[in-house]
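> Here's my sequence, what's the structure:
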Amino acid sequence: MSIATDTSVKTVICFDRAATVLFGCSADEFFYFTKLNPIAASMVNQVFDGEMLRMTLTRPQNRNAQHMRVASVVPLRSGFQPAIVTLRLICTKNASLGNCSTTNHSS
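Below you'll find the model as predicted:
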């Protein structure tokens, strides 16, 4: 994912623990959701566009790795909703148009 700081834009790697805060589900659940709702994969960028987050970044332990890792993430907006919540709402509204499936694979 790309993040913008006050001085630059950086590409960072976000693993499950931090990604769950942003997405509201596991990587597997998001994968299955986007498989059923292909438009959701591209819409997630719009969902996160403009969100203010406090992130703690760490350097990769593998010296060959190029990108910083997200160690923790805290949304700064009080009304923040994980991406899966917003995407499900959008897909439910668009289901009548055939754009998204409303199938939920939560366990």
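
> and the closest residue to Ala18 other than its chain neighbours, what is it in contact with?
Residue nearest to Ala18 in three dimensions, not counting chain neighbours: Val70, with 4.3 Å by Cβ to Cβ, 6 or more residues apart in numbering. Every residue, glycine included, has its C-beta placed from N, CA and C. Counting by Cβ atoms under 8 Å, 6 or more residues apart in numbering, Val70 touches Met1, Val12, Ile13, Cys14, Phe15, Ala18, Ala19, Met55, Thr56, Leu57.

> which among those end up buried?
Buried subset of the contacts of Val70 (neighbour count, 16 or more other Cβ atoms under 10 Å): Met1, Val12, Cys14, Ala18, Ala19, Met55, Leu57.

> Mind checking which residue lies nearest the centre of this structure?
For the chain, the residue lying nearest the average C-alpha position, counting by Cα atoms, centre = their mean, turns out to be Phe23 (4.3 Å).

> neighbouring contacts of stretch 17-31?
Here stretch 17-31 makes contact (Cβ under 8 Å, 6+ apart) with 14, 16, 33, 44, 48, 53, 55, 70-75, 81-85, 105-107.
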